[in-house]
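> no sequence on this one, just coordinates:
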Ligand SMILES: [Ca+2]
Ligand SMILES: [Ca+2]
Ligand SMILES: [Ca+2]
């Protein structure tokens, strides 16, 4: 190995270490605050760097919507049982919508993952998205009907697109899906693991000084100038 090669290797290792440290430092869980809403206007926003969401499906009708700002590329989300008793968490479903509320992908039970593991994946443009965690079998509908295919309880279901009649219109509400077999629901906690680093949250608007403040500021500057002149 020559010196140039060793220098290059050292640089590459240092860069890889820095990147690992940086991403580890930015790994941030988000916790549902109270109960997240079911529609975009009542969604809870995930901030920059959030890579997992911890929440709770409180009852047989709970749906929790989260607003994500994504940098684009391949995005995936997976639910796992939350940290409540005995590792038994909620029977989750996952749904992804764009900023306008149009359905993108959905899954109830990931193949071989059981009822508590939902998995979605999609190639996305940068932008704002809404991720919904719902209890089985609360499904999204639009003015034209249910947006995604529905299944009876348990297991081995694919990631679905918005191919049911309601898929051509934005999210309007949630209801028990037509294929629900009455096998009951399973409330509880969940953790959603996110594959993509979430981009910066929307910048806070810069406060604009009120006219009165501007007048005071102007008076202050004038006084300062006068004071300086008196010492010139
Ligand atoms: Ca909730
Ligand atoms: Ca909710
Ligand atoms: Ca499920």
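Arrived safely, thanks for sending. This structure is a prediction, so every number in the text was calculated from the model and none was measured. Numbers count the residues shown, from 1 in each chain. Ligands and ions are numbered 1, 2, ... in the order given.
> Any residues of this protein in contact with ligand 2? List them.
Listed as neighbours of ligand 2 in the chain under the rule C-beta under 5 Å from the ion: 35, 36, 62, 64. From N, CA and C alone the C-beta is placed, and that goes for glycine too.
> at 8 Å instead, please
With C-beta under 8 Å from the ion as the criterion, the chain meets ligand 2 at residues 35, 36, 37, 38, 57, 58, 62, 63, 64, 65.
> correct me, but the fourth one touches residue 61?
Think residue 38. No - counting by C-beta atoms under 8 Å, residue 38 stays clear of residue 61, with 9.0 Å between them.
> The two: which is more packed in?
Taking neighbours as other C-beta atoms under 10 Å, residue 38 and residue 61 compare with residue 38 leading, 20 against 15.
> Spatially nearest residue to the more buried one, not counting backbone neighbours?
residue 63 (4.3 Å; C-beta to C-beta, 6 or more residues apart in numbering).
> remind me which residues of the chain are low pLDDT?
Along the chain, the model assigns pLDDT under 70 to residues 1-27, 82-88, 154, 197, 199-232.
> returning to what we had before: now do the contacts for the residue nearest to residue 38.
Residues in contact with residue 63 (C-beta atoms under 8 Å, 6 or more residues apart in numbering) are 38, 132, 133, 134, 135, 138, 174.
> so what's residue 127 bridging to?
With DSSP bridges as the criterion, residue 127 is bridged to residue 70.
> Just list the residues touching it, thanks.
69, 70, 72, 98, 99.
> Now list the buried members of these.
With neighbours counted by 16 or more other C-beta atoms under 10 Å, the contacts of residue 127 contain buried members at 69, 70, 98.
> for residue 160, what are its contacts?
Residues in contact with residue 160, defined by C-beta under 8 Å, 6+ apart, are 105, 106, 107, 148, 149.
> Helices of this structure, start to end?
Using DSSP state H, the helices of the chain run over 3-25, 211-230.
> Find residues that contact each of residue 38 and residue 61.
Listed as contacting both residue 38 and residue 61 by C-beta under 8 Å, 6+ apart are residue 174.
> these two touch, right, residue 64 and residue 32?
Yes - Residue 64 is within contact range of residue 32, at 6.0 Å (criterion: C-beta under 8 Å).
> The two: who's more crowded?
residue 64 (26 against 18).
> Residue 101 touches residue 38, doesn't it?
No - Residue 101 is beyond contact range of residue 38, at 11.6 Å (criterion: C-beta under 8 Å).
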